[in-house]
Structure formats: C-alpha cells, structure tokens
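*Asks:* Sequence and computational prediction follow.
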Amino acid sequence: MANYILRRALLDAVRVPAGTRSVSELAKVGNREWVGFGYNGQPNYVDRTDFPMPAVRFQPDTPDIKVLRQKEKGDWKKLTLEEKKALYRASFCQTFAEFQAPTGEWKGAFGWALVIGSLSVWIYFGMKLFVYSPLPESLSEERQKAQLKRMLDLKVNPVDGLASNWDYENNRWK
C-alpha cells in the first residue's frame, strides 16, 4: 500500500496542465516510457478493465528490460516464456485475472455494517430502558377498548368514519 501511495504521489508530481506539454516534453516519465494517451491524457498508470492501455509503462527501463525490448522487435518465437512474462510485468502491474479477482473487501464492509446495526439496537434498548418514561395509562389495551366503545356510543363520524362500520342493531362490525 505504501508503494502504491508513493507511486501515486510521484505520478501526480510530474503532471503538467493540459495544453502546455508536447510529446517531446513528456516522452518519458522518470525512467518510464510514455507509450500512449492513457485514461485521461495524463502520463499516469492505472489498471482498469474499461481502459486496458495505461499511458506509461509500469516499471522503469533497466538494462535487462532494454535488452528484452530489442529482442521483442524480432521473432517472438525466439523469446522464452520467462522473457515474455518479464516484458509483460515491465509494462503492466497486474494481469486482468489478478485485478479482476475478488478481494474479499465486502466481508469487512458487511462486518462493520453488522457491528453498527447491533450497536444501534443496543442503544435503542438502553434508551428505552433508562431514558424514556413508561407509556401512559391511556395507551393500555383496556383503556383503548373503552375509548373505542365510547366513540361508538357517541356515533363519531357516522357517515364515513369509525361509526359507519359498526352495526348498531347487532352490536358487531359490519
């Protein structure tokens, strides 16, 4: 991770505002070759599936890599598998399979969501137990039944309200 942050800081340090650079000015970034336009026209490296060709090569040119690049210009059948892999790793940090592989990062996010959820439940029960006062007597079940009976006796909202659903002749709900 520290290597990534350092690499990112170095890439940000060499950025030049758009329109003020030419190909000759930024033909190399440090000792790395600038090989294309890149994701946004800046000389930076990023592994992306939607844009697979970064602007600069991943590793700087070393004498071994320069020799391999000269060999690369010839017949590829003469290159060994190890040389082909070394050339690939000089240009790219990871293969598609490596940077598309699941990281398991969702497990940490899901775990933290469960921790936060359980803390919320504990806080709710603590507040209900120690902070909130008990419910008033008017919310008890027998009081609510008595209030409903009184509303029916007074015929509250007889047209389209509560009393309209009560059958007064049979003393039951319609």
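*Replies:* Sure thing, it's come through.
*Asks:* Name the single longest helix found in the chain.
*Replies:* In the chain, assigned by DSSP state H, the helix with the most residues is helix 105-130.
*Asks:* Check which residues of the next helix or strand after that one are buried.
*Replies:* Following helix 105-130 in sequence order, the next helix or strand is helix 141-153 (DSSP states H and E). Taking 16 or more other Cβ atoms under 10 Å as the neighbour-count basis, helix 141-153 is seen to contain the buried residues residue 152. The C-beta positions use only the backbone N, C-alpha and C, and glycine is treated the same way.
*Asks:* Pull the residues that contact helix 141-153.
*Replies:* Applying Cβ atoms under 8 Å, 6 or more residues apart in numbering, the external contacts of helix 141-153 come out as 137-138, 162-163, 166.
*Asks:* Can you tell me which of these are classed as buried?
*Replies:* If you count burial by 16+ other Cβ under 10 Å, the buried members of these come out as 163, 166.
*Asks:* picking up where we left off before, any idea how far the longest helix of the chain is from the chain center?
*Replies:* The gap between the average C-alpha position of helix 105-130 and the chain average comes to 20 Å, counting by Cα atoms, centre = their mean, to the nearest Å.
*Asks:* Can you add distance to residue 113 and pLDDT and give the contacts of helix 141-153 back as TSV?
*Replies:* Output for the contacts of helix 141-153, formatted as TSV (distance: Cβ to Cβ, whole Å; pLDDT from 0 to 100):
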residue	distance to residue 113	pLDDT
137	40	89
138	39	87
162	43	83
163	48	85
166	48	86
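*Asks:* quick one, domains of the protein?
*Replies:* Here the domain assignment for the chain is 2-100, 105-132, 136-174, based on automatic domain parsing.
*Asks:* hey, which of those domains is tucked in deepest?
*Replies:* Each of the domains of the chain was assessed for mean neighbour count using mean count of other Cβ atoms under 10 Å. The highest is domain 2-100, with a mean of 13.
*Asks:* And that one, how far out from the chain middle?
*Replies:* Distance of domain 2-100 from the chain centroid (Cα atoms, centre = their mean) equals 27 Å.
*Asks:* try stretch 142-152
*Replies:* On the basis of Cα atoms, centre = their mean, the separation between the geometric centre of stretch 142-152 and that of its chain is 53 Å.
*Asks:* Let me see the mean pLDDT of that stretch.
*Replies:* Mean per-residue pLDDT for stretch 142-152: 91.
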